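A.B. asks: A structural model of the following input is requested.
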Amino acid sequence: MDDSKPNNMPVIFCEMCPEEDRKPARKTCMKCEISMCVQHLQAHLTTPVLLQTHPLTDPMASGGATKCPEHGKLVEYYCLDDLTCVCVSCAIEDQHRLHNMKTFSTAHKELLEKLSADQKELLFKTDDDNVSLEKWEKNENKKATKASVRLIEAISNLRDLTLASVQTSVSARMVSIQTSKNSIQAAQNEKDTYRFLQMYSQVHQDVEKAKVVDLRKGLEPGSDQDKLVKEIDGETIIKQAADFWGSLLMMVDPKHHQEIIPTSEDLFFEPVTFSPAISLSSDKREVFFNSRMGQCSATLLIQSTASDDFNRWIISLPEDDDWIIGLCDTQCVKNVKNGPVYGLSCEDNKLSVLSTEYDEEQKTQKTSSEFLPNAEAISTETVEVVRDSSVLSFYSRSGQYHKQLILSLNISPNDQVLKHFVKLGKDNVHFTPENQWKSSCGTNHSLQNRRHKMSLGVLTQHLPQPLSQPLPSCPIIGGISTTWLICKFV
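C.D. replies: Now for the predicted structure:
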């Protein structure tokens, strides 16, 4: 046995040796509450019953923290839920009675194994994120530098401040990861069971903090981030600085600022239900409404000429009309509210979420609709839909860079084969003509006595040509045909 002790550690003497010849203690028995030298320790090391029931630790002075402060009993167990040493009363009677309790030796073994697994995870995370961070930093710096030549001196100073803040934030996160590494190493080097368990709570905290570190995110939410965003996103930014402005926002707050990437040109609308007032452009990527032909009502699947395996699209939507967008089963697309469906709905200018839940025991499904709280503050003129494995997310897009999460839905494993869709207008609404006129061919036509208000405004005084569903071409007596662009891929 190695008798060497750190210079700053007090010498604890054996309590069983004669007073005149006391030797340094090698271990302290937590149950007997005495410190023993090598000679007097032999009984504890050679007697099986003592070996199993009398925990030993490094020498401690009398009154060491070996008893429960609540019950005054010897601490003999470790609570894995609360990461603390407890006595038998805590384990079977008090607040820890339903917790995961282990003996010291078992806890020591299991927690060492967990630390090894955490160490591997953090090693992989830091190696992978360091490379990604370098690439991201070079790319963003290149974009920012290219645009900065068009900016006034104040904007250049703002860029320097932003980059310095990001670098400081990243450095702080790297310190957190390094701290966790040091804590893990110290714990792994600690061979004494009791001391290991005493320090494990802090080690666990360091590891958990390191796990949630994202080296690729912007500044931490707070006054620094808010101040920079406020300074960057202001009227003082000149028009020529748009690219640079967006680059800074993405570096500081990438959660809410991402450069808009247009929807793939492979996507197009496929009509399922289609009122006579609705028309499509020749490429089937724009939807038009003619107010003299009836109600604005249509259900459209979103298809791809390249592959059905697409997971993202951005769409502009009518500001004051009802609509539903999301995923649904092709069997229920004509009445999506019957499910299975996962979507965002706007009805009477109120946003709600549609989702389907399955009862595995009854083998039944239930589709529900729930209004979103504080939805009035969310702009939905342009919405981005992203499907990532079993999660469907909806984002509000405003301008070139601003992106705000509206909601995310978990998709049931039973609904992996679903189609993207858009539904415009209300269900089962019939157009009742209030005014009528005749065309030159003698056909009666009706005039809806309301002006349909669309977010994109009047596109043209005549129908776009060519259309997939053209309207009658004969001249109209008593009025002209007005067409609005109401929906399109962005």
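
A.B. asks: how is the chain divided into domains?
C.D. replies: 19-96, 106-252, 267-277+295-424 (automatic domain parsing).

A.B. asks: any chance of these in CSV, plus distance to Thr482, mean pLDDT and mean neighbour count?
C.D. replies: No exception for glycine: its C-beta is placed from N, CA and C like everyone else's. As requested, these are exported to CSV (distance: least, Cβ to Cβ, whole Å; pLDDT from 0 to 100; neighbours: other Cβ atoms under 10 Å):
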stretch, distance to Thr482, mean pLDDT, mean neighbour count
domain 19-96, 68, 82, 16
domain 106-252, 34, 77, 16
domain 267-277+295-424, 11, 87, 17
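
A.B. asks: tell me which of those lies nearest to Lys284.
C.D. replies: domain 267-277+295-424 (3.9 Å; Cβ to Cβ).

A.B. asks: now that closest one, how far from the centre of its chain.
C.D. replies: Centroid separation between domain 267-277+295-424 and its chain, computed with Cα atoms, centre = their mean, to the nearest Å, is 19 Å.

A.B. asks: Phe13 - nearest residue in space that isn't next to it in sequence?
C.D. replies: Arg22 (4.3 Å; Cβ to Cβ, 6 or more residues apart in numbering).

A.B. asks: can you map out the strands along the stretch 1-150 of the chain?
C.D. replies: Counting by DSSP state E, counting those that start in this stretch, the stretch 1-150 of the chain has strands at residues 27-29, 34-36, 56-57, 75-79, 84-87, 101-103.

A.B. asks: with distance to Asp283 added, can I get the domains of the chain in TSV?
C.D. replies: Below are the domains of the chain laid out as TSV (distance: least, Cβ to Cβ, whole Å):
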stretch	distance to Asp283
domain 19-96	59
domain 106-252	28
domain 267-277+295-424	7
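
A.B. asks: and Val287, which of the ones you listed is closest to it?
C.D. replies: Comparing these by Cβ to Cβ, domain 267-277+295-424 comes nearest, at 6.4 Å.

A.B. asks: what is the end-to-end distance of that closest one?
C.D. replies: End-to-end distance of domain 267-277+295-424 (Cα to Cα, to the nearest Å): 18 Å.

A.B. asks: so which residues make contact with stretch 370-381?
C.D. replies: 316-317, 319, 344, 346, 350-353, 355, 396, 398, 404, 406-407, 455 (Cβ atoms under 8 Å, 6 or more residues apart in numbering).

A.B. asks: mind running it again at 10 Å?
C.D. replies: Here stretch 370-381 makes contact (Cβ atoms under 10 Å, 6 or more residues apart in numbering) with 315-319, 323, 325, 344-347, 349-355, 394, 396-398, 402, 404-407, 455-456.

A.B. asks: returning to what we had before: so which of the domains of the chain comes closest to Arg285?
C.D. replies: Short answer: domain 267-277+295-424, nearest of the domains of the chain by Cβ to Cβ, at 5.7 Å.

A.B. asks: now Ala187: phi and psi?
C.D. replies: phi -70, psi -40 (degrees, to the nearest 10).

A.B. asks: apart from its chain neighbours, what residue comes closest to it?
C.D. replies: Val203 (4.7 Å).

A.B. asks: next, find the distance separating the one you found from Asn141.
C.D. replies: 36 Å (Cβ to Cβ, to the nearest Å).

A.B. asks: now Val252
C.D. replies: 14 Å.

A.B. asks: which neighbours do these two have in common?
C.D. replies: Leu163.

A.B. asks: could you look up the SS state of Gln365?
C.D. replies: Under DSSP: H, G, I helix; E, B strand; the rest coil, the three-state class of Gln365 is strand.

A.B. asks: ignore what I typed, I meant Cys296.
C.D. replies: coil.

A.B. asks: sec struct for the residue nearest to the spatial centre of the chain, please.
C.D. replies: Nearest to the mean C-alpha position of the chain, counting by Cα atoms, centre = their mean, stands Ser408 at 8.8 Å. Following three-state DSSP, we place Ser408 in the strand state.

A.B. asks: kind regards, and thank you for your time.
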